[in-house]
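Enquirer: sequence plus the predicted model coming up.
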Amino acid sequence: MSGFVFNEKPITIESGEGPYLYSDDGTEYLDFGASYAVAALGHSHPAVTSAIQEQAAKLTYVQASYPVEVRTELYEKLAALAPGDIENVWLCNSGTEANEAAMKFARSATGRQKIIATKRAFHGRTLGSLALTWKQKYKKPYEPVAGGVEFVTYGDEEELAEAIDDETAAVFLEPIQGEGGINPASAEYLQAARDLTEDAGAALVFDEIQTGIGRTGSLWACENVGVVPDILTSAKGIANGLPLGATLCADWIADGAASHGSTFSGGPVVCAAANATLDTIVEQDIPGHAAEIGDYLTSGLEAAVEEHDLPVREVRGEGLMIGVEVKRGANRTLKHLALSEQLLALPAGRTVVRFLPPLVIDEEHADRAVDAMTSVLS
Ligand SMILES: *Cc1c(COP(=O)(O)O)cnc(C)c1O
């Protein structure tokens, strides 16, 4: 009679505006998870909504083998916004598909099979990306997943150096692990991954599905550290609510890519939403705002922990990708935040409360989140 995969919460949402969601009984919730980081510009952003409406009225869908202006515009925009010279764009419908394509392109361009991923990584839930995902709970019951994957400790340069060899097609890294607990990597580690993959002729893949689109204070998190990968994957906030994934690749990857495709690749309506989202992000310097307000929120949380002696081990992250490691369970904290304080957030493992608010929040919203955490944890 109903869905069975998601453990649904006891709040029925009816509408949304900016950082707020409204339930059917009229309660206002501050959505500090941006609904899995998708509502980067906040819910029902007017520029995105009107782009969707206009495009839907003009042409809702045409197959990707016929060029259409909105899609060409998006290819060009992503190529221009991509770090370095990774200018080739593949469009799909989700993060996991963007990573599947990255796996396929890296294997076909290198002619090699082995892929290195990291412990506590999250790269998606289809059987290819799932093979790169660490958590056994997500993986074990569905085995066999794709083969040829080896795991190394995230942040350990020596282990990575030992694992990479001339059989290695790709190394997959999140510049900051999201689902795995908000674990940032050092600039040195990401640079070492760049040097090691280059020497070995392997592709460096940055999964920026969560860290990208301005979340960490730059459009892409790799720009914070000045490291350019061969492949970058994006999804989540890229079309502010419509399903879109993108795999951006350097020429040597694109030139070596074998046959790939997808019926819904680059549909005009999602492309129009993504163009409006990216234009707004660039024109309003949303990454700069995320950096500033992220510092404000992080300092506010740290000050509250100190002042009220809250049971918190650490506040960490970058920009508006913030993890608060709590001494008691994250899920209990999240439940109280939602039901007593009307603040919605996400878990990242068992002990981390994860804040991925819309990038357009202001100080008043940040203050409200700090107050809510203070009262729930006190
Ligand atoms: C969410 C996420 C994915 C998977 O994206 P879906 O759209 O859910 O398939 C992959 N990698 C990272 C880092 C993510 O945060």
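Expert: Structure's in. What do you need?

Enquirer: quick check: chain neighbours aside, which residue is closest to residue 363?
Expert: Excluding the flanking residues, the one nearest residue 363 by CB to CB, 6 or more residues apart in numbering is residue 296, at 5.9 Å. All C-beta atoms are positioned from the backbone trio N, CA, C, and that covers glycine.

Enquirer: quick check: the one you found is in a strand.
Expert: No - per DSSP: H, G, I helix; E, B strand; the rest coil, residue 296 lies outside any strand segment and is helix.

Enquirer: give the burial count for it, as a bare number.
Expert: 16 (other CB atoms under 10 Å).

Enquirer: residues touching the residue of the stretch 51-200 of the chain found nearest the ligand, list them.
Expert: Using CB to the nearest ligand atom, the single residue of the stretch 51-200 of the chain nearest to the ligand is residue 95, 2.2 Å away. Contact analysis of residue 95 by CB atoms under 8 Å, 6 or more residues apart in numbering lists 123, 124, 129, 207, 209, 233, 235, 236, 245.

Enquirer: hmm, try it at 10 Å
Expert: Neighbour list for residue 95: 36-37, 122-126, 129, 207-210, 233-236, 238, 243-246 [criterion: CB atoms under 10 Å, 6 or more residues apart in numbering].

Enquirer: from those residues, which are also near the ligand?
Expert: Filtering the contacts of residue 95 for neighbours of the ligand using CB under 6 Å from any ligand atom leaves 122, 123, 124, 207, 209, 210, 235, 236.

Enquirer: what about those residues, which are in strands?
Expert: residue 207 (DSSP state E).

Enquirer: give me the neighbour count for residue 292.
Expert: Applying other CB under 10 Å, we find 15 other residues in the vicinity of residue 292.

Enquirer: and what about it, helix, strand or coil?
Expert: What three-state DSSP gives for residue 292 is helix.

Enquirer: that one and residue 214 touch, don't they?
Expert: No - Residue 292 is beyond contact range of residue 214, at 11.9 Å (criterion: CB atoms under 10 Å).

Enquirer: joint contacts of the two?
Expert: In contact with both residue 292 and residue 214: 285, 319, 320, using CB under 10 Å, 6+ apart.

Enquirer: just the buried members of those residues?
Expert: 319, 320 (16 or more other CB atoms under 10 Å).

Enquirer: could the shared contacts of residue 292 and residue 214 be laid out in CSV, adding distance to residue 200 and secondary structure?
Expert: Output for the shared contacts of residue 292 and residue 214, formatted as CSV (distance: CB to CB, whole Å; DSSP: H, G, I helix; E, B strand; the rest coil):
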residue, distance to residue 200, secondary structure
285, 38, coil
319, 31, coil
320, 35, coil
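
Enquirer: intersect the shared contacts of residue 292 and residue 214 with the contacts of the ligand.
Expert: Filtered for proximity to the ligand (CB under 6 Å from any ligand atom), these leave an empty set.

Enquirer: could I get the shared contacts of residue 292 and residue 214 as CSV with pLDDT and distance to residue 144?
Expert: Output for these, formatted as CSV (pLDDT from 0 to 100; distance: CB to CB, whole Å):
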residue, pLDDT, distance to residue 144
285, 98, 46
319, 98, 38
320, 98, 38
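
Enquirer: filter the contacts of residue 95 to the buried ones?
Expert: 37, 122-124, 126, 129, 207-210, 233-236, 238, 243-246.

Enquirer: among the residues you listed, which are located in helices?
Expert: Judged by DSSP state H, these include 37, 129 as members of helices.

Enquirer: ok, residue 362 - contacts?
Expert: With contact taken as CB under 10 Å, 6+ apart, residue 362 is in contact with 18, 19, 289, 293, 296.

Enquirer: can you list the residues you listed in TSV and add pLDDT?
Expert: Formatted as TSV, the contacts of residue 362 follow (pLDDT from 0 to 100):
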residue	pLDDT
18	98
19	98
289	98
293	98
296	98
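
Enquirer: quick one: which of the residues you listed is most hemmed in?
Expert: If you rank the contacts of residue 362 by neighbour count (other CB under 10 Å), residue 19 sits at the top with 23 neighbours.

Enquirer: quick check, central residue of the chain?
Expert: residue 210 (1.2 Å; CA atoms, centre = their mean).

Enquirer: find the nearest non-adjacent residue to that one, please.
Expert: Excluding the flanking residues, the one nearest residue 210 by CB to CB, 6+ apart is residue 178, at 3.9 Å.
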